[in-house]
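Enquirer: Please find the sequence and the predicted model below.
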Amino acid sequence: MIQTIPTLRTSRLLLTIPGPECAPQYARFCLDNAEFLQPWQGPFFEREFQASFWTEALRRRTEAFQADQRYSFGIFAKSAGISGPLLGYCSFSEIIRGMLQACYLGYALAENAQGRGLMTEALRAAIAYMFGEARLHRIMANYMPRNERSAKLLARLGFAVEGAAKKYLYINGAWQDHVMTSLVNPRESVPAGVAG
């Protein structure tokens with residue numbers, strides 16, 4: 001079944017799952033924010049600075065959305081739309097259906113867009129969509145203990161700390177510990193195809 005690409009609007013932002021036409025904005029985002037984001041996700045690959053890489057990557061992400069495997073939202077200023085600069089992204093990946101109905105959340109915001117509450121605004125809209133339209137039950141998000149901005153952001157959104165994962169991800173040449181959090185859909189529902 002072909003799903004309609006979502007377009008989410010907030011007071012300042014537009015979120016959507018962009019196609020290959022947005023490849024130049026993604027390449028520019030990586031180029032402009034490589035140093036800023038490196039402590040949290042490691043260095044970008046050289047190919048990520050090329051629009052040709054993102055043309056194919058965005059096509060694959062659209063296919064992953066259609067297959068209900070990953071929802072990769074680009075974040076843009078509402079006033080500029082998808083023809084404007086990419087401000088950031090949030091991705092709901094590793095979607096598991098059945099009895100779990102869960103996914104992992106990842107996100108990044110441009111250095112020049114920090115400090116204005118934009119990621120909080122974007123994630124509120126995206127999470128509402130994932131709990132509503134996508135009918136997920138649980139969203140998990142993990143962050144490095146020293147990443148205070150992520151800790152505050154997730155707490156603001158209602159994510160609860162559930163534990164710690166030692167040497168969880170290999171970033172910047174070392175296995176990094178992470179704090180594990182989750183947010184549960186406040187609306188209880190029985191997953192499709194699962195006995196009550």
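Expert: Ah, there it is.
Enquirer: Need the residues that contact the longest helix belonging to the chain.
Expert: Determined from DSSP state H, the single longest helix within the chain is helix 23-41. The contact list for helix 23-41 (C-beta atoms under 8 Å, 6 or more residues apart in numbering) reads 18, 43-44, 48-55, 57-58, 74, 82, 84-86, 88-89, 108, 110-112, 143-144, 147, 150, 171-172. Quick note: C-beta positions are derived from backbone N, CA and C, even for glycine.
Enquirer: how about that helix as CSV, C-alpha atoms only?
Expert: Extracted in CSV, the C-alpha atoms of helix 23-41 (Å, rounded to 0.1, in the frame of the first residue of the first chain):
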residue,chain,number,x,y,z
ALA,A,23,19.7,16.5,-2.2
PRO,A,24,21.6,19.8,-2.4
GLN,A,25,20.2,21.0,0.9
TYR,A,26,21.3,17.7,2.6
ALA,A,27,24.8,18.0,1.2
ARG,A,28,25.1,21.6,2.3
PHE,A,29,23.8,20.7,5.8
CYS,A,30,26.5,18.0,6.2
LEU,A,31,29.2,20.3,4.9
ASP,A,32,28.2,23.2,7.1
ASN,A,33,27.7,21.2,10.3
ALA,A,34,30.4,18.4,10.1
GLU,A,35,32.6,19.8,12.8
PHE,A,36,29.7,20.8,15.1
LEU,A,37,28.0,17.4,14.9
GLN,A,38,31.2,15.2,15.0
PRO,A,39,31.3,14.8,18.9
TRP,A,40,27.9,13.1,18.8
GLN,A,41,27.8,11.1,15.6
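Enquirer: If we go by neighbour counts, what in it is buried?
Expert: Across helix 23-41, burial judged by 16 or more other C-beta atoms under 10 Å covers Ala23, Gln25, Tyr26, Ala27, Arg28, Phe29, Cys30, Asp32, Asn33, Leu37, Trp40.
Enquirer: before we move on, what about stretch 121-137?
Expert: Neighbour-count burial for stretch 121-137, counted by 16+ other C-beta under 10 Å, picks out 121-127, 129-131, 134, 136-137.
Enquirer: Which of the residues you listed fall within helices?
Expert: Glu121, Ala122, Leu123, Arg124, Ala125, Ala126, Ile127, Tyr129, Met130, Phe131.
Enquirer: Make a markdown table from those and add distance to Gln176 to it.
Expert: Converted to a markdown table, these look like this (distance: C-beta to C-beta, whole Å):
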| residue | distance to Gln176 |
| --- | --- |
| Glu121 | 28 |
| Ala122 | 25 |
| Leu123 | 22 |
| Arg124 | 27 |
| Ala125 | 29 |
| Ala126 | 25 |
| Ile127 | 25 |
| Tyr129 | 29 |
| Met130 | 26 |
| Phe131 | 29 |
